[in-house]
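Colleague: Need coordinates for the below:
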Amino acid sequence: MSRWWILPLVCVAAAACDPNSSRAFESGRSQNPCTATIPACAETAADCELDEAQYIEQRFPGDVSFLVQARAEDEIKVELFVQNVLDVGQQTIIYWNEPGCSDFYVWDSQGRDFVAESRDTNVYSETRRVQEPGQHLIEVFSDLNGILLIGIDIIEAGSR
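Modeller: As a prediction, this is how the structure comes out:
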């Protein structure tokens, strides 16, 4: 009896189980095309709403913005899965805005090679605590040349 079908099955299973693979990052999440225009602040719109069960695939250089629902004192972790990066560029910035963009928090790579820092897992993450409940506009800007998968994780206040 031929067992030719076993090798492809083992290869697919191994890729899905590799913690450094995009399949591991995507596991349990659906892709959000993130192509809408949703009013977020006075003169700023988001490309989509994102929750923990979704991810965005974004080509850079460029930017992407999305809304995340969080409660007061929750932490919003932005996870960047490094995929097909040709050049890390000089600057990647993440903004976490309070509802209505009344205040914001920022992470700036300042030329640091966060891609190299993510080599073990292919995921780089930054977390900020928000003060107000509601829809938080998250903005990612980068001159990186490549593709990032972007996901979020909400760390509820009191669970830390």
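Colleague: in the chain, which strand has the most residues?
Modeller: When secondary structure is assigned using DSSP state E, the longest strand within the chain turns out to be strand 134-155.
Colleague: all helices for this structure, in order.
Modeller: Read by DSSP state H, the chain holds these helices, from start to end of the chain: 6-17, 22-26, 114-117.
Colleague: picking that back up, output the contacting helices and strands for the longest strand of the chain.
Modeller: Using 3 or more Cβ pairs under 8 Å, 6 or more residues apart in numbering; DSSP states H and E as the contact criterion, the secondary-structure elements in contact with strand 134-155 are helix 22-26, strand 38-41, strand 54-70, strand 75-87, strand 92-97. From N, CA and C alone the C-beta is placed, and that goes for glycine too.
Colleague: Among these, pick out the one with the most neighbours on average.
Modeller: Among the helices and strands packed on strand 134-155, ranked by average contacts under mean count of other Cβ atoms under 10 Å, first place goes to strand 92-97 (a mean of 21).
Colleague: check contacts around Trp158.
Modeller: Actually, residue 158 is Gly. It isn't Trp. Shown in contact with Gly158 (Cβ atoms under 8 Å, 6 or more residues apart in numbering): Glu73.
Colleague: sorry, back to before: which of the helices of the chain comes out lowest on mean pLDDT?
Modeller: Ranked by mean pLDDT, the helices of the chain end with helix 6-17 in last place, scoring a mean of 42.
Colleague: Quick one, grab the pLDDT at the residue positioned nearest the centre of the chain.
Modeller: In the chain, the C-alpha closest to the average C-alpha coordinate belongs to Ile150, at a distance of 2.2 Å (Cα atoms, centre = their mean). The score at Ile150 is 97. That number is its pLDDT.
Colleague: What of Val78?
Modeller: Model confidence at Val78, expressed as pLDDT, equals 98.
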